[in-house]
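Colleague: When you get a sec, could you give me coordinates for this:
(4 chains)
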Number of protein chains: 2
Amino acid sequence: MSGTNTHVPSVLSAPLPSPVPSEEYDACPVTDVLRRVGDRWTLLILILLGRRPHRFNELHRSVEGISQRMLTRTLRALERDGLAARTVYPTVPPSVEYDLTPLGRTLLNPLSTLADWAVDHGAEIATARDRHDAHSPPPSEQSA
Amino acid sequence: MSGTNTHVPSVLSAPLPSPVPSEEYDACPVTDVLRRVGDRWTLLILILLGRRPHRFNELHRSVEGISQRMLTRTLRALERDGLAARTVYPTVPPSVEYDLTPLGRTLLNPLSTLADWAVDHGAEIATARDRHDAHSPPPSEQSA
DNA sequence: CAGGATCCCATGAGATACTG
DNA sequence: CAGTATCTCATGGGATCCTG
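Modeller: Have a look, this model is predicted:
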């Protein structure tokens, strides 16, 4: 799709179920996915698992900054959604291995498309943000 | 990129700045973008603005379920990041029009790639989730 | 080693009321 | 019309302690 600017995004131009329902959660699978991947750790875990299986503490060390709690929760969520698989080897001490499922692997490419965008345009966003903040400074302490 | 399965995702396979820093926020532009788009309303607003400019109350009606507060905040955030533009027509009563910036438009295609994935695999996720929940039921009331 | 339990804070997000 | 201000609740996320 590199240079194709005439490409009309399927979902984005399709008619929305317009008065967007907010029954219980999203009802929109796209927003649903975005929210699932849009937290602080999921993306990183997906990337790491996309390269090779990892054990719990291996992930814990690789990510560094994540708490066991959040690592566990993130992995459980991925497992629940069928994106990652958890394999327990009944050794002693126990060893658990996490890996992406085939479904999880199919997520990598779409994610990478967005990732490329982020890398390409991250600077523009930062610039825009700085300019905006310069014009409407946040109500903090004034120096003078 | 449609059928190309041999495509190696650039960012996803590139070496991570491994012990992932968590200095203040993300430091990872990809996670940053995911988090920005991964809230409850941003994606919907982006999609609507991607079709044509909208006025404030027009968006308010189209999304339905969003509060003025969140609509304002979402629009301000998009504006701050240079993804949307706010044009005030000094009429009375005032009229304000929101539109995507060129930068904002470039986001639509990557987003659409993910959106397609979500539509294609949403059911699989739901199935996996149901199965998972059936095996490890949440500690709610039991019927019997 | 892998993870559960608990406590606590920061942010997301809805409701309502008010205004230039 | 297009917001701002305030209040309140739900969730995300970190720290710490405990266990099979």
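
Colleague: What residues does chain A have near DNA strand D?
Modeller: In this structure, chain A approaches DNA strand D at residues A:39, A:40, A:41, A:65, A:66, A:67, A:68, A:69, A:70, A:93, A:94, judged by CB under 7 Å from any atom of the strand. Where you see a C-beta, it was placed from the backbone N, CA and C, and this is true even at glycine.

Colleague: a helix runs through the fourth one, doesn't it?
Modeller: Right, residue A:65. No. According to DSSP: H, G, I helix; E, B strand; the rest coil, residue A:65 belongs to no helix; its state is coil.

Colleague: Counting neighbours, what do you get for it?
Modeller: By the criterion of other CB atoms under 10 Å in any protein chain shown, residue A:65 has 14 neighbours.

Colleague: which among the residues of chain A next to DNA strand D are in contact with DNA strand C?
Modeller: Answer for the residues of chain A next to DNA strand D near DNA strand C (CB under 7 Å from any atom of the strand): A:68, A:69, A:93, A:94.

Colleague: any weak-confidence spans in chain A?
Modeller: Chain A contains residues with pLDDT under 70 at A:1-26, A:137-144.

Colleague: which bits of it sit near DNA strand C?
Modeller: Counting by CB under 7 Å from any atom of the strand, chain A sits next to DNA strand C at A:22, A:55-58, A:60, A:68-69, A:72, A:75-76, A:86, A:88, A:93-96.

Colleague: on that earlier part again, of all pairs in the residues of chain A next to DNA strand D, which one is the farthest apart?
Modeller: A:39 and A:93 (29.6 Å; CB to CB).

Colleague: between these two, who's got more neighbours?
Modeller: Shown here are residue A:39 and residue A:93; by other CB under 10 Å, residue A:39 has more neighbours (16 against 4).

Colleague: Am I right that that one is in contact with residue B:35?
Modeller: Yes. Taking contacts as CB atoms under 8 Å, residue A:39 lies within contact range of residue B:35: 7.3 Å.

Colleague: the helices in chain A, which residues?
Modeller: A:10-13, A:29-37, A:42-51, A:56-63, A:68-80, A:102-135 (DSSP state H).

Colleague: Those helices into a markdown table, with extra columns for mean neighbour count and distance to residue B:129?
Modeller: Listed next are those as a markdown table, based on neighbours: other CB atoms under 10 Å in any protein chain shown; distance: least, CB to CB, whole Å:
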| stretch | mean neighbour count | distance to residue B:129 |
| --- | --- | --- |
| helix A:10-13 | 16 | 21 |
| helix A:29-37 | 21 | 11 |
| helix A:42-51 | 21 | 15 |
| helix A:56-63 | 16 | 22 |
| helix A:68-80 | 17 | 6 |
| helix A:102-135 | 17 | 12 |
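
Colleague: of all of chain A, which residue lies closest to DNA strand C?
Modeller: Residue of chain A nearest DNA strand C, by CB to the nearest atom of the strand: residue A:57 (2.9 Å).

Colleague: Residue nearest the middle of chain A, spatially speaking?
Modeller: residue A:37 (2.9 Å; CA atoms, centre = their mean).

Colleague: ok, now which ones touch it?
Modeller: Residues in contact with residue A:37, defined by CB atoms under 8 Å, 6 or more residues apart in numbering or on different chains, are A:43, A:46, A:107, A:111, B:34, B:38.

Colleague: just these now: which is nearest residue B:51?
Modeller: For the contacts of residue A:37, the minimum distance to residue B:51 (CB to CB) is 21.3 Å, reached by residue B:38.

Colleague: List the backbone torsions phi and psi for that closest one.
Modeller: phi -90, psi 20 (degrees, to the nearest 10).

Colleague: Skipping adjacent residues, who's closest to residue A:133 in space?
Modeller: Take residue A:133 and drop its neighbours on the chain: the residue closest to it by CB to CB, 6 or more residues apart in numbering or on different chains is residue B:80, 7.4 Å away.

Colleague: Thought residue A:130 was touching the one you found, still the case?
Modeller: No. Taking CB under 8 Å as the definition, residue B:80 is not a contact partner of residue A:130, at 9.8 Å.
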